[in-house]
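Trainee: Predicted model, plus sequence, below.
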Amino acid sequence: MIFSPLARIVSLVAAIAISTTSGASWPHRNGQKARVRFLATSTLVRGTWGRSEDTCLAEVTFTSESDPLLVRLVDSYPNEAPPISGAALTSTSGTTFWLRRSTDCDRPYREMVLRTEPGDPQAILHERLSYQPQLARTHEPNQALPCYRTVRP
């Protein structure tokens, strides 16, 4: 069956319209805007040819009315891109980021290695460091920390 040029154009426009509107209607794809306050640095993996990945313990607030949520935050980026700035890591009021929920990296609180306070240059050392952040609420060691990943432009 041969389609007329008009039918091809209409089907192409319909396919483009459906693909662009459905992508915007899925907030988990593009992430959610949140205020992030970093509490501790966990791991820093720097790659020469691949991606770099930083993991932190953070408090995340999605709306001004919601309570902060303690999370495991993973920032994965190409090796030529800069890591999160020291100012953002040490901000007491928090910094706005776009985050996406990632259930594949959820971990119990007891399994998260907390090496140093956020922005501390010692976090890159290969020796084992131990850091205990000051938390507003106590958390059970077996309590699962939800994992979020940063969404970079």
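Mentor: Arrived safely, thanks for sending.

Trainee: How far away from the center of its chain is the lengthiest strand in the chain?
Mentor: If you go by DSSP state E, the chain has its longest strand at strand 32-45. In this view, strand 32-45 has its centroid 7 Å away from the chain centroid, taken as C-alpha atoms, centre = their mean, to the nearest Å.

Trainee: and for the next helix or strand after it, what are the contacting residues?
Mentor: Going down the chain from strand 32-45, the next helix or strand is strand 51-61, by DSSP states H and E. Strand 51-61 has contacts (C-beta atoms under 8 Å, 6 or more residues apart in numbering) with 34-46, 67-79, 81, 83-84, 89, 94, 99, 112, 114, 118, 133, 145, 148. Every C-beta, even on glycine, is put in place using the N, C-alpha and C of the backbone.

Trainee: now the angle from strand 51-61 to strand 32-45?
Mentor: Orientation check (axes from the mean of the first three to the mean of the last three C-alpha atoms, to 10 degrees): strand 51-61 against strand 32-45 gives 140 degrees.

Trainee: any idea of the mean pLDDT in strand 51-61?
Mentor: The pLDDT scores in strand 51-61 average 94.

Trainee: domain ranges for this structure?
Mentor: 1-29, 31-150 (automatic domain parsing).

Trainee: What segments of this protein are helices?
Mentor: With DSSP state H as the criterion, the chain has helices at 5-24, 27-30, 86-90.

Trainee: what is the rounded mean pLDDT of the first one?
Mentor: By that I understand helix 5-24. The predicted model assigns helix 5-24 a mean pLDDT of 62.

Trainee: Where does pLDDT dip in the chain?
Mentor: 1-3, 7, 13-29, 121-131 (pLDDT under 70).

Trainee: how does it look with 50?
Mentor: By pLDDT under 50, the weakly predicted segments of the chain are 22-27.

Trainee: For stretch 31-42, buried residues please.
Mentor: 31-32, 34-42 (16 or more other C-beta atoms under 10 Å).

Trainee: wait, stretch 107-124
Mentor: Neighbour-count burial for stretch 107-124 [16+ other C-beta under 10 Å]: 109, 114-120, 123.
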